[in-house]
Every structure is written in C-alpha cells, then in structure tokens.
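[1] I'd like to go over a predicted model; first the sequence, then the structure.
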Amino acid sequence: MTLNRRTVLQGLGGSLFASQLSFLPRIALSATPSSYQALVCIFLYGGNDSNNTVIPLDATNYERYQQWRTSLALSAGNGDAPIPLGSTTYGLHPSLPKTASLWDTGDVGIVFNVGTLVDQSLTVAGYQANPTGPNVPDNLFSHEDQRNEWKSAISKGSVETGWGGRIADTLAYSGGDLVPPLLSFAGPDLYTLGARDAPLCLPATGPFLLKPYLGKTYRSIVDSLATRLSNPAQTPYADEATTAVQTITTAGIGASGLLNPVLTGANPVIDGFFSPLSSSISQQLWSVAKVIADNASLGAKAQVFYADLGNFDTHQNELVVQAELLSELDDAVYAFYQAMGALGLTKNVTTFTLSDFSRTYVPNTTGGTDHAWGSDMFVYGGSVKPQSVVGHMPALNPFVSGQPVGPLDIGTEGRWLPQISVVQYGATLASWLGVSAKNLPTVFPSIANFKPQNLGFLNPAP
C-alpha cells in the first residue's frame, strides 16, 4: 500500500489523536467572500422518514396518505395532528413546531424528493427494466453506500472525498493557517474529506486542548511512531511520514490554542439559547455557534461545519423514535437560529439537512418502515427565499393494496424515484457560499448531467 498523505492522515486520525484532530495544512485556491459566510450540514443518520416529516394536507391526498400509511398516519384523532404550513397544502410533523414558526417568518425552505442520481434520464420503467443499469446509483437501499453517495455526490464507482471537503478545497486560508475552513463536531467523516483538505475534528462538548508533549505517555507515543516511520527497512517514505507527524502535531497545538478558549469559555450572547437543551445535536450546534461567534478573531471568512443526529433507522416503533429525534432537531436548530440572530448573522449562515434516504410509504409489520430512496430536506437561514418550496411532493395514487403508491414509486411500497439530485442541492448551497462556476465541476464531478444546476432557493448573503 502506498503511504501517501491520506494514509498518514487516516492512521494518525484513528490512533494518535482519535477524534480530536484530523487535518493537514492546505492550499488556497480562490478568494472568499468579503463578509463571513458558513454552511452547517446536519446529517440525519439512518434514513429519516420524510413521508411523516412533511405531510400532504389537501383533502384528497391526506385521505390517501392515511390509507397508505395506516398505523403510521399522523392525525388529529391520534393526538398528533400535522402542523399546517401557512397557506400551503402541507403540514409538518407535530414534533416540529419551532420549524413551523421559522416557516412563518420565512426562514426555512423545503426541497422535495431529493436523492442520489447518476443523471436525469432514469425513469420508473427504466429502473424496473434494469435495476442495476448504468444510470442507476450503486447499491440502492444500502445504508453505507447511500450515505457515501449523499456525502460524496458521486453515485457510481469508488469515492475518496466528500463534497463538503471539496468545497473546503476551494476556500482561502482562515485562522492564520491553523484553523481550516471545515470543522466537524461529529468525528472524521467522508463528507468532510477533500482532495487537499480534511477537517479539524472537535468534541461536541468540552475542551479541545493539545499541548506539546502532554506528559510521558503522549511523548512516548509520538517518539515511538516517529521512530517506526523513520526506519528505512520499514518504509521507503520515512522522511515524508516523519514530516507529517511533526506537521500534524504542530498544527494541532496551534489550533487548540486558538479554539480551546472559544469552546470552553462563556458567551453570554448565545449561551442562553442552548443552556436548557441537552441533546447531542444541540451540544454540537452550540459549539458551532461559539466558533461562528468568534469568526473575526479566528480570521475566518468562509467555513463549512458538520454535525449529525440519529438513529433514524426506524424499522420498528417509528412513531415514538422519530418523534423524539425530530423534537431534538427542532429544538437545536431553533436555538441555533436564535443564536445567529443575536450575532446578526442569520443571513450569513445557512443550515441544511442530509440523510441516507427516506423510508417506504407502506409500513412494515413491526410498526416501522424500510429503506427507500428520494427524500425531503430542510434548509434554514435568513438567506432562504421566504417560504421556499423546491420540487414537488410525490403524488399519491388511490389506495389499492399491492399496487404502486404513486407514479414515482419504483415498486409497490412507496420508494420514490428522486426528481432532484443531491448534486443540484449541494451545488446550490456551494454557490451561495462562494464556490465559483469554474470550481463547481471539481466539487460536483457530474454536475453537467443536471439542469438546473442552481435550484434558486437562496438569496445572496449580505
């Protein structure tokens, strides 16, 4: 195996510094916007059931929804009525009242039926004729594969980088070369790995502190590793590997010196929004907010943040599990939005969701749902075009057991063929952050296969 930058990075990220550190110095490829901007990705692990996250409320489709969803249908009679979204014909899961309030103020948008796609030529009939054809994404309905395809925006072949990392590859230096433009509060992840950049991985709570030779244990680890790597009999890449060890250690010490006071210190402007909350996602977003609050002192101009929430793999007991998780998401995102408002940065920070896939429309026999395909995503922030709806909720057929749930169902359980690609969704977000049209094909290699390339749900940041 060739010992290259990524090999060293993965080895050190997995053993030496665990989840604390996983980045190397970077090369700036383009200028950043004149004012601060940030993207905040929240990955909903396990595949959130978007069919019970956004619900049709017009009379015809709501009746069909109840007939197809049977025991999982949300209704006033069960005490869990959907929350109407203004003048639209949609409602939100009852665990999302704060998201509904953001809809009322014009600060959240919905992108319907997004998913992994190779191009725009695939039809339901084409999929049914050849489910493993050249224009069908690899390994549909597999958690690991579909996560990787969402995070990489590459639906065919092997992947080594994610589109968050590739966005970071295009961004200029920040933090005096010590704080990279991409920070993860959910550990090392494909989404955060670029061709030149990998993220600074920070704890969701508590300090990020790395000092020179933290006692004999740390010193012995570094010395032992450097000795092994510099042994010519063991590797022909000794000098490069030793330099990598030294570089990572030095960069980690510098970054921790800048960020530890930010993460552990009190911030009276934003802390009150998060202090009543205890979920993992709220703690992650609190830490993101602290870093954003100090963007000027850190020298940051444009940043990408990564957080996650799970487990949405609701094969059973879905009504209870999804309600709890969506409530955590609702509280955390609302607190984060309030914090951005207190900082005067609501239009400068855009938060968005990703997930493995949606769930089948037809429930299984254990009070849950199985793996599906196209899903609905939320985009939050002051730059979202007010009450923006992109795409269309998949239409529902009249209920006939054993027949397709709707025209976009690739079978008979309600697995929707996506009408919007994760490439288009990601490219819209990347363009807002300042990725140039020239660099978009680098970030999204298959972007030429899709039109429009910008879905238009974001206004320019100030």
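    Now that the structure is in, tell me what you want to look at.
[2] which residues in the protein form strands?
    37-44, 54-56, 83-84, 90-92, 108-115, 182-184, 200-201, 302-309, 349-355, 375-380, 389-390, 420-421 (DSSP state E).
[3] chain center to the second one, what's the gap?
    Centroid separation for strand 54-56 versus its chain: 22 Å, with C-alpha atoms, centre = their mean, to the nearest Å.
[4] same deal with stretch 438-447?
    Using C-alpha atoms, centre = their mean, the offset of stretch 438-447 from its chain centre is 18 Å.
[5] please apply the same query to stretch 362-382.
    Put simply, stretch 362-382 sits 15 Å off its chain's centre (C-alpha atoms, centre = their mean).
[6] likewise for stretch 81-97?
    On C-alpha atoms, centre = their mean, the centre of stretch 81-97 falls 23 Å from the chain's centre.
[7] export it as PDB, just CAs?
    The C-alpha trace of stretch 81-97 is given here as PDB (Å, rounded to 0.1, in the frame of the first residue of the first chain):
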ATOM      1  CA  ALA A  81     -52.100  16.200  14.000                       C
ATOM      2  CA  PRO A  82     -49.600  17.700  11.500                       C
ATOM      3  CA  ILE A  83     -48.900  21.400  11.900                       C
ATOM      4  CA  PRO A  84     -50.200  23.300   8.800                       C
ATOM      5  CA  LEU A  85     -47.700  25.400   6.900                       C
ATOM      6  CA  GLY A  86     -49.300  28.700   6.300                       C
ATOM      7  CA  SER A  87     -51.300  28.900   3.100                       C
ATOM      8  CA  THR A  88     -49.600  25.700   1.600                       C
ATOM      9  CA  THR A  89     -51.200  22.300   1.400                       C
ATOM     10  CA  TYR A  90     -48.500  20.800   3.500                       C
ATOM     11  CA  GLY A  91     -48.100  20.100   7.200                       C
ATOM     12  CA  LEU A  92     -45.100  19.300   9.400                       C
ATOM     13  CA  HIS A  93     -44.700  16.500  11.900                       C
ATOM     14  CA  PRO A  94     -46.100  17.700  15.300                       C
ATOM     15  CA  SER A  95     -42.600  17.500  16.800                       C
ATOM     16  CA  LEU A  96     -41.500  20.400  14.600                       C
ATOM     17  CA  PRO A  97     -43.400  23.400  16.000                       C
END
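[8] buried residues in that stretch?
    With burial defined by 16 or more other C-beta atoms under 10 Å, the residues of stretch 81-97 counted as buried are P82, I83, L85, Y90, G91, L92, H93, P94, S95, L96. (C-beta placed from N, C-alpha, C; glycine too.)
[9] beta partners of the fifth one?
    Read it as G91. Judged by DSSP bridges, the bridge partners of G91 are I55, P84.
[10] and it, what's its pLDDT?
    G91 carries a pLDDT value of 97.
[11] show me what contacts it?
    V54, I55, P56, L57, A81, P82, I83, P84, L85 (C-beta atoms under 8 Å, 6 or more residues apart in numbering).
[12] go on, the first one?
    By C-beta under 8 Å, 6+ apart, the contact list for P82 reads I55, L57, L74, G91, L92, H93, P94.
[13] surely S383 meets F352?
    No. Using C-beta atoms under 8 Å, S383 is not in contact with F352, being 11.2 Å away.
[14] where's L440 relative to S375, distance?
    23 Å (C-beta to C-beta, to the nearest Å).
[15] how far does stretch 405-415 stretch from start to finish?
    Stretch 405-415 has an end-to-end distance of 8 Å (C-alpha to C-alpha, to the nearest Å).
[16] neighbouring contacts of that stretch?
    Outside stretch 405-415, the residues within contact range by C-beta under 8 Å, 6+ apart are 51, 68, 113, 124, 127-128, 141, 360-362, 370, 372-374, 394-397, 402-404, 416-417, 419.
[17] which residue, other than its chain neighbours, is closest to P94?
    Among residues not flanking P94 along the chain, D80 sits closest, at 4.9 Å (C-beta to C-beta, 6 or more residues apart in numbering).
[18] quick one: residues contacting that neighbour.
    Applying C-beta under 8 Å, 6+ apart to D80 gives the contacts L74, P94, L319, A323.
[19] reformat these as CSV; add pLDDT and distance to S184.
    Below are the contacts of D80 laid out as CSV (pLDDT from 0 to 100; distance: C-beta to C-beta, whole Å):
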residue, pLDDT, distance to S184
L74, 96, 33
P94, 97, 31
L319, 97, 31
A323, 98, 27
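[20] and those residues, which is closest to Q120?
    Nearest to Q120 among those: L74, at 32.3 Å, using C-beta to C-beta.
[21] and that closest one, how far from W68?
    13 Å.
[22] ok so, going back, let me have the contacts of G91 in TSV, adding distance to A300 and pLDDT as columns.
    Formatted as TSV, the contacts of G91 follow (distance: C-beta to C-beta, whole Å; pLDDT from 0 to 100):
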residue	distance to A300	pLDDT
V54	34	98
I55	39	98
P56	41	97
L57	42	97
A81	43	95
P82	39	97
I83	36	97
P84	39	96
L85	34	95
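[23] let me know the closest of those residues to A100.
    A100 has its nearest neighbour among the contacts of G91 in I83, at 4.5 Å by C-beta to C-beta.
[24] quick check, the closest one in contact with A100.
    Yes. Between I83 and A100 there is a contact at 4.5 Å, judged by C-beta under 8 Å.
[25] which residues do these two both contact?
    Joint contacts of I83 and A100 (C-beta under 8 Å, 6+ apart) are L92.
[26] mind showing which ranges of this structure have poor pLDDT?
    Across the chain, the ranges flagged by pLDDT under 70 are 1-34, 172-178, 197, 206-256.
[27] so which residues of it form helices?
    Here the chain has its helices, by DSSP state H, at 5-11, 59-69, 97-104, 124-129, 143-152, 163-169, 215-229, 238-264, 271-274, 280-293, 295-298, 318-342, 422-433, 440-443.
[28] out of those, which is closest to A307?
    Using C-beta to C-beta, the nearest of the helices of the chain to A307 is helix 280-293, at 4.0 Å.
[29] next, the angle from the closest one to strand 349-355.
    Put simply, helix 280-293 runs at 150 degrees to strand 349-355, going by axes from the mean of the first three to the mean of the last three C-alpha atoms, to 10 degrees.
[30] what is the orientation angle of helix 280-293 with strand 302-309?
    Angle of helix 280-293 versus strand 302-309, following the same axes, to 10 degrees, is 170 degrees.
[31] just to revisit the earlier point, relative to T264, which of the contacts of G91 is nearest.
    Of all these, I83 has the smallest distance to T264: 37.4 Å, by C-beta to C-beta.
[32] and that closest one, how far is that from V118?
    36 Å.
[33] again, but for A339
    According to C-beta to C-beta, A339 stands 39 Å off from V118.
[34] and Y380, by the same measure?
    Distance of Y380 to V118, computed by C-beta to C-beta: 29 Å.
[35] these two: who's more crowded?
    Y380 (25 against 21; other C-beta atoms under 10 Å).
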